[in-house]
Each structure stands twice: as structure tokens, then as C-alpha cells.
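Novice: sequence below, structure please.
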Amino acid sequence: MPACPAMVGFGSLGVMDTTWKFDQPPNCAVFTIRGILEHGESVLRVTHDEDDHGWQFLGLDTPDASDARIVGLGEMVSLDPTLLELADLPVGWHAWRRHVGDSWSRSKNSNDSA
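Specialist: Here you go, the predicted model:
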């Protein structure tokens, strides 16, 4: 497992340390989009990138680069605790769902780009 590419601050996780199962620490920098952070949109697609073991938390639509945001992994889990279900998502895979509450579907990335 490569080292976390960058560390950022985060607020209270709202989860006990014993429940942390991700391969990166809670303060690891991850990508998300403005709509999720600022407008309460749902995380519907997650990628675990093969090149750097990074995580991306997105909607179903292709994001615009200007909407990219960097936050702590723990902050994402605080926003949506169901993301803990994906802690074992293998590197080079992605997961998706149609709505919050749906089961996550998983598959290997065909080209490791989100």
C-alpha cells in the first residue's frame, strides 16, 4: 500500500476507531465534487485508483474538473456512513449505486479513469 498522497484535516468522524477498515487513514486526502459537499448530493460512484491507491467519491455523471474538491476520507464517511461498506473495495475497482439505500455494485475498472 503506498503512503497516503496528502494529509488534510477533518472533523469528528462519528465512527469508532475499531470500525475504520479503509486502507488509508481518515485524514487521507480524497477527491469528491462540489455538489456532494455544498449541495447535499449523494455519493453514487466510488473509485479506488490503481495508480496511487487514491479514492474518489462522485455522482453518476462525469464531473467537471472545476467542481473537484479535496477532503479527508473521514469527512466523506461522516457525510455518508454507508461508504464504510466499500472499505474493502480492491485497488483498481469502482462501485456504484442508483440511490442511497441501494446495494453497491462493484467491478474492476476497465481503464482506471473516473
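Novice: please make it C-alpha for all contacts and neighbour counts, starting now.
Specialist: Will do.
Novice: report pLDDT for residue 7.
Specialist: Looking at residue 7, its pLDDT stands at 48.
Novice: kindly report the same for residue 38.
Specialist: For residue 38, the predicted pLDDT is 94.
Novice: the one 4 residues further on too?
Specialist: On pLDDT, residue 42 comes in at 97.
Novice: wait, a strand at it?
Specialist: No. Secondary structure of residue 42 (DSSP: H, G, I helix; E, B strand; the rest coil): coil, not part of a strand.
Novice: quick check: it touching residue 36?
Specialist: Yes. Counting by C-alpha atoms under 8 Å, residue 42 touches residue 36, with 6.0 Å between them.
Novice: overlap in contacts, the two.
Specialist: Common contacts of residue 42 and residue 36 (C-alpha atoms under 8 Å, 6 or more residues apart in numbering): residue 59.
Novice: let's check: the centremost residue of this protein is which one?
Specialist: residue 57 (3.7 Å; C-alpha atoms, centre = their mean).
Novice: contacting residues around it?
Specialist: Counted by C-alpha under 8 Å, 6+ apart, residue 57 has contacts 30-33, 43-47, 76.
Novice: and the strand or helix carrying it, how far from the chain's centre?
Specialist: Using DSSP states H and E, residue 57 falls within strand 55-58. Offset of strand 55-58 from its chain centre (C-alpha atoms, centre = their mean, to the nearest Å): 4 Å.
Novice: same question for stretch 91-111.
Specialist: The chain centroid and the centroid of stretch 91-111 are separated by 11 Å, computed with C-alpha atoms, centre = their mean.
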